[in-house]
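K.L.:
A structural model of the following input is requested.
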Amino acid sequence: MTILIDDPRWPAHGRLWAHLVSDASITELHEFAAANGIPARGFDLDHYDVPEEAHARLIAAGAVHVDGHELVRRLIASGLRVRARDRR
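P.N.:
Got it, this is the predicted structure:
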């Protein structure tokens, strides 16, 4: 089980955001986020949106940095991915 984080590349609300996912368990993802001060409101069905300023801290806490393509590939492989058409 691994927590993954991609690069903060997604602009919103005047800052850049990264995605935080688990490759095995939504429960594991929620526990990691809570333990590292990521608010529940950042959860979006299969990932947390995390601000750029939290990126290095989350890696230091054990999240594995991967590029966006790898993050999505591993999220799909885990079976946890929520497709865009299912987000409605």
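K.L.:
does the most centrally placed residue in the chain count as helix, strand or coil?
P.N.:
Of all residues in the chain, the one closest to the mean position by Cα atoms, centre = their mean is Leu20, 1.2 Å from it. Using DSSP: H, G, I helix; E, B strand; the rest coil, the structure places Leu20 in strand.
K.L.:
pretty sure it sits against Thr2.
P.N.:
No: assessed by Cβ atoms under 8 Å, Leu20 is found out of contact with Thr2, at 11.3 Å. C-beta: built from backbone N, CA, C; applies to glycine.
K.L.:
buried ones in stretch 21-29?
P.N.:
Val21, Ser22, Asp23, Leu29 (16 or more other Cβ atoms under 10 Å).
K.L.:
got the contact list for His65?
P.N.:
Leu4, Ile5, Asp6, Asp7, Ile59 (Cβ atoms under 8 Å, 6 or more residues apart in numbering).
K.L.:
now, those that are in helices?
P.N.:
Counting by DSSP state H, the part of the contacts of His65 found in helices is Ile59.
K.L.:
what's the closest of the contacts of His65 to Arg81?
P.N.:
Closest approach to Arg81 among the contacts of His65 (Cβ to Cβ): Leu4, at 12.4 Å.
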